Every structure is written in C-alpha cells, then in structure tokens.
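Peer 1: Build me a model from this:
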Amino acid sequence: MPQGIVKNETIAAPPQTKKCDIFSPDPCMLRPDHISIIRKEKTYVGPTDEAVVNATTDCEQFVSQGYGAIQGSESEREFPLAYSLVVHQDAALVERMLRAVYMPHNIYCIHYDLKSSDKFISAMKGLARCIPNVFIASKLERVQYASISRLKADLNCLSDLLDSEVKWKYVINLCGQDFPLRTNAELVSDLKELKGRNMVESKWPGGKKSRWTYQHLLKDSNSVYYEVPVSTSEMKSPPPHNIEMFVGSAYFTFSREFVVFVNQSSLARNFLAWSEDTYSPDEHFWATLVRVPGVPGEVPRSDPEISELKSKTHLVKWSYLEGDLYPPCTGTSIRSVCIYGAAELRWLLNYGHWFANKVDPKVDPILVECLEEILSEKQLRPKLQ
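Peer 2: Coordinates of the predicted model:
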C-alpha cells in the first residue's frame, strides 16, 4: 500500500487476496462474492480530519510518506499540469487523491468551502503548508449547491494558477471524491495528443433551457445544501454576445491558452455576470464557452455533441443510464450518482477516462486501495525495468 496518513481500519479480506495487478486476469483478485463478504464483515474507521491536522504538524515527516518519491520523466517535467481542487469534507480522502496525482513539477490549488468545519480547513492549510507547489485559493466561496458559487470556486483557482510561476500546459478540476485512473505519464501522453484542444462535455440544451430562461434566486432550504436556487417567474434576457447555449458538466480539462481567454475576455466576463442567477451555471458555462467561435481549442458549433462518455476527464455513472450505457453500480448510488465498488475496477481502468467520480472508502475501501497500488506499481515499473 502506498504510504501516507495511517489508515485506521479493519477489513475482512477475501480468501487468497493477492496484490492488485492490472495485468492479471482479475485485478486485486476480487470477485463479486468476495466484495459482498468484505462489505458485510468489515469494520471501517477512516482517519479523521484531525488526523490530517496532526500529521501535517511535522512537515518533513509528512512529506517523506509519499510525496516527491516519484520525480517523473523529462517528458513529464516539460509538460507540467495544474489542478483546481474544490473540496469541502473528508480531509483524509482529499489527501489520498492529492498524493495520487502529485508531481513536484505540477501545481495544485485547493479551494475549501467556507462552510467546511474548522478541522477540515486546518487540514487543508496543513497540506498547503507542507507540500511544495500546493496552495490555498486566494479568494474563497461559501459554495451553495447548483449556484454560481460552485463555478466561482474553480474560477478563483484558475486565476491563481495563471499567476503561479509554474507554466503549466493544461488544468484539470477535481472534487473531493475523485480519484485518478491514469498515472501522470499516461495523462501527459493523452493531453499531448489533444494538441491544444479542450476536453469537456458539451451538448445541445434539450430540456435544460429552463435553467436560464427564468431568473433563479437562492432560497433557504431544509436540505443538506443550506440554500438552493429556485426559479422565479421573471424571464431573463438572452445570453450576451448572441452566445449559443450548450450544456455539459462542471468537470473540465482546459489548455492554458483557453484559461487565459476566460480570464481576460470581456465576452467571458459578461457571460459569467449573466449566469449569476441561472441554475447550476457550472454545467453550461464551460460547455458553452468552448463552442464560441475563435476561442483557443474551439469546439465548432457544428461538431457532434460531446457526451460524458466521450469527454475523458471524468467517468461518472448515472443510475438512470445503467444497463444502457454501462454496467450496474456495484457500490451505492446517491442522488443518482454511483459511488463505485471494487467490482467495477476493471471497467474503470479499461474505459479510457482519466478520473473516476465518485469514490468513498466508507462505501468500499477496497477500490481506493487497489487504485492506489496499481498506479504506484505502474509509476515504478519503468525504473524496475
């Protein structure tokens, strides 16, 4: 198991479980019946936010446990990447994800939610203090579900990343329940093939036009989201600059040139201001901007739709599409999104996407363990050879 924060957990292992090996007929040697045994008999107590706070009190010791051990090839160092991490809970899982994507020549911006607990915030500050090329966003948002604040969190990080000394080539945004499916070297290889194009979902709006036809205002809610945007009867003006609307995902992989455009363009600023009172603007802002004629890495409006399965950035499994587009979720589904189980490991690794969304050790600790070990082995294999 890759090093990092000590994992305080007890797991009933299946018979004859062997080391994870993507090249074996059965990675991690886990069959569905074994998964059922693990879930039924395991007792999982993951590290608390306080454990991360305590671990980062001694930066030298903390960094020695998994950071900087892999330096990357010359090709990787010549193609640095940037990350925007928008997170709000479970510091230990955030740390595991950060360790899995970390390279000392890359750059990482952490945006924590202003609603997060004091311990979580302290843990994020500890990670930024200890790990080179990791920093906290200079401007933080109180992130509300489906509101402009979620989009602004990424925009804040993107602005800071442009100001960093690292001249990164592409930027990827992640949330706290993402996990990489590719090594940094594999990701760099794929990104070079894009030749400056962007990777983001972008589809015709269909039934989602109501999200921007009427003004939406944040209202108090009894839900876990505190406040949610609620539609009013007030119609909105059309998008500025005759922008043609598209919809997609909050997840993206953008070239540096595209991010410079977003940061400096009056068109992008006006479109952002217009999107303030729309529903879930992060799911149409990016999908629309990449279709604007002349933007860096433009996706022509006449091009076919880019579905979530064509966009390699994140592999998300929606419960209402299971059986049609992909096999059933073997973990559990929350708000129609699958939290993956270990039985989906081979599917995740073989589909060709770069990151899995979502993972949670409390749902299935084996999956994250396997992904950590497989990625670590793949990183070490060239040196061993």
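
Peer 1: how does the protein divide into domains?
Peer 2: 29-46+317-385, 48-176+186-194, 204-248+265-289 (automatic domain parsing).

Peer 1: tell me the mean pLDDT for the first one?
Peer 2: It refers to domain 29-46+317-385. Across domain 29-46+317-385, the average pLDDT comes to 84.

Peer 1: What sits closest to the residue nearest the centre of the chain if chain neighbours are left out?
Peer 2: Taking Cα atoms, centre = their mean, the centroid of the chain lies closest to L174, which sits 2.2 Å from it. Excluding the flanking residues, the one nearest L174 by Cβ to Cβ, 6 or more residues apart in numbering is L85, at 5.3 Å. C-beta: built from backbone N, CA, C; applies to glycine.

Peer 1: And the contacts of the helix or strand harbouring that neighbour?
Peer 2: Assessed by DSSP states H and E, L85 sits inside strand 81-87. Around strand 81-87, the neighbours that count as contacts under Cβ atoms under 8 Å, 6 or more residues apart in numbering are 94, 97-98, 101, 103, 106-113, 116, 124, 143, 150, 153-154, 157-158, 161, 164, 166, 168-176, 184, 187-188, 191.

Peer 1: So what pairs up with the residue nearest to L174 in the strands?
Peer 2: Bridge pairing for L85 (DSSP bridges) gives the partners I110, L174.

Peer 1: and it, how many residues sit next to it?
Peer 2: L85 is flanked by 26 other residues according to other Cβ atoms under 10 Å.

Peer 1: that older thread, mark which of the contacts of strand 81-87 are buried, thanks.
Peer 2: 94, 97-98, 101, 103, 106-113, 116, 124, 143, 150, 153-154, 157-158, 161, 168-176, 184, 187-188, 191 (16 or more other Cβ atoms under 10 Å).

Peer 1: Show only the entries of those found in helices.
Peer 2: 94, 97-98, 101, 124, 150, 153-154, 157-158, 161, 184, 187-188, 191 (DSSP state H).

Peer 1: Quickly check those residues for the two that are furthest apart.
Peer 2: Across those, the longest distance by Cβ to Cβ is 27.9 Å; it joins R150 and V188.

Peer 1: Can you show me the helices along the stretch 1-150 of the chain?
Peer 2: 32-41, 49-55, 59-63, 74-77, 91-101, 118-130, 148-163 (DSSP state H, counting those that start in this stretch).

Peer 1: least reliable of those going by mean pLDDT?
Peer 2: When I compare those, helix 32-41 is least confident, with a mean of 54.

Peer 1: returning to that earlier point: can you pull the contacts of the residue nearest to the centre of the chain?
Peer 2: 83-86, 97, 101, 251, 355.

Peer 1: Buried residues in stretch 294-308, which are they?
Peer 2: Buried residues in stretch 294-308, defined by neighbour count with 16+ other Cβ under 10 Å: 295-299, 306, 308.

Peer 1: Farthest pair within those residues?
Peer 2: Farthest apart among the buried residues of stretch 294-308 - using Cβ to Cβ - are P296 and E308, which lie 22.7 Å from each other.

Peer 1: tell me the helices in the stretch 201-350 of the chain, going along the chain?
Peer 2: For the stretch 201-350 of the chain, the helices defined by DSSP H, counting those that start in this stretch cover 210-213, 256-264, 266-275, 285-289, 345-350.

Peer 1: how about those in TSV, adding mean neighbour count?
Peer 2: Converted to TSV, those look like this (neighbours: other Cβ atoms under 10 Å):
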stretch	mean neighbour count
helix 210-213	17
helix 256-264	18
helix 266-275	16
helix 285-289	25
helix 345-350	18
